[in-house]
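S.K.: the sequence and its predicted three-dimensional model are supplied below.
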Amino acid sequence: MDSFDTGQLIYLILLGLMVSGWFFMQGRGSWNKTLQQAAAWAFIFGGAVVAYGLWDDISRTVLPQQSVFADENRIVVPRSPNGHYYIEAEVNGAPVRFVLDTGATSLVLTQKDAEAAGLLRDELTYYGRAMTANGEVRTAPVRLDTMKLGHVTDRDVVAVVNEGEMNNSLLGMTYLQKWGKIQIADNTLTLMR
C-alpha cells in the first residue's frame, strides 16, 4: 500500500468516525433508531469500500475493450470515457498500456513500463530533450527488441524513455507511421496494415 492509498484509508476511517459520532450524539435518547441508522450507514460505507476496491474489475467488464482482427491485421479501439484511445501492446514481451497520441513524435515509455520491458534505469542515458505540456523533460533513446500490437510484431523499434512523471506510455507517430491506415470514426480508432 503506497502513501496515497494509506492517506485515502485514513480519510475514510476519520469520515466513518465522524459520521458515527454524529449519530451517537443525535440519538442519545433513542438507541433503537440510532442503531438502525448506524446499520444503514455501515452498509452504505461498506458498499462504497467494496465498489472502490473492485472498480478495476468492474470497469474492465463494463467498458468496451480493444478488438483485434487477425485475418485483416486490423485493430479496433473504442474511445474511453475521458476521450482518449488506449491500446494494449507487448514491449519485449511485457504488457504495456499506451495512450494513442498523434501529437507525440515518438513512442514514449514511462520509467515503470521501460523497467517491465527489461530496460533498467541504471543503464539508460538521458541526453535527449522533449517539450511536453508540462515543460521540457529529459529522454533516453532506446531500441525495443519487439513491439507486438495485436498479431503484428515489429522488431528493433526506436523509442524513448521519459525521465518525467507520466501516467501512461505514449504511442506516437514514429510507430504509428508503420501502420498503413489510421481511421477515427464513430468513437472508435482503427489501425490497419
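M.R.: Now that the structure is in, tell me what you want to look at.

S.K.: report all helices and strands that the one helix or strand residue 115 maps to contacts.
M.R.: Assigned by DSSP states H and E, residue 115 belongs to helix 111-116. With contacts defined as 3 or more C-beta pairs under 8 Å, 6 or more residues apart in numbering; DSSP states H and E, the packing partners of helix 111-116 are strand 94-100, strand 152-162. C-beta: built from backbone N, CA, C; applies to glycine.

S.K.: any chance of those strands in JSON lines, with mean neighbour count too?
M.R.: Written out in JSON lines, the entries for these read as follows (neighbours: other C-beta atoms under 10 Å):
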{"stretch": "strand 94-100", "mean neighbour count": "18"}
{"stretch": "strand 152-162", "mean neighbour count": "17"}
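
S.K.: is it possible to export the ones you listed to CSV including distance to residue 181?
M.R.: Below are the helices and strands packed on helix 111-116 laid out as CSV (distance: least, C-beta to C-beta, whole Å):
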stretch, distance to residue 181
strand 94-100, 14
strand 152-162, 13
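
S.K.: need those strands in TSV (columns: mean pLDDT).
M.R.: TSV is the format used below for those (pLDDT from 0 to 100):
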stretch	mean pLDDT
strand 94-100	93
strand 152-162	93
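
S.K.: next helix or strand past the helix or strand bottoming out on mean pLDDT in the chain?
M.R.: Per-element confidence for the chain was summarised using mean pLDDT, DSSP states H and E. The lowest value among helices and strands belongs to strand 67-69, with a mean of 58. Using DSSP H and E, the next helix or strand after strand 67-69 towards the C-terminus is strand 74-78.

S.K.: take that next one, keep the C-alpha atoms, and write them as PDB.
M.R.: Taking Å, rounded to 0.1, in the frame of the first residue of the first chain, the C-alpha atoms of strand 74-78 are listed here in PDB:
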ATOM      1  CA  ARG A  74      -6.800  -4.700 -38.100                       C
ATOM      2  CA  ILE A  75      -7.100  -3.400 -34.500                       C
ATOM      3  CA  VAL A  76     -10.200  -1.500 -33.400                       C
ATOM      4  CA  VAL A  77     -10.000   0.500 -30.200                       C
ATOM      5  CA  PRO A  78     -13.100   2.200 -28.600                       C
END
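
S.K.: give the pairing partners of it; include direction for each.
M.R.: Sheet pairing for strand 74-78, assigned by DSSP bridges, gives strand 67-69 (antiparallel), strand 188-192 (antiparallel).

S.K.: chain center to that strand, what's the gap?
M.R.: Shown here is strand 74-78, whose average C-alpha point lies 18 Å from the average C-alpha point of the whole chain (C-alpha atoms, centre = their mean, to the nearest Å).
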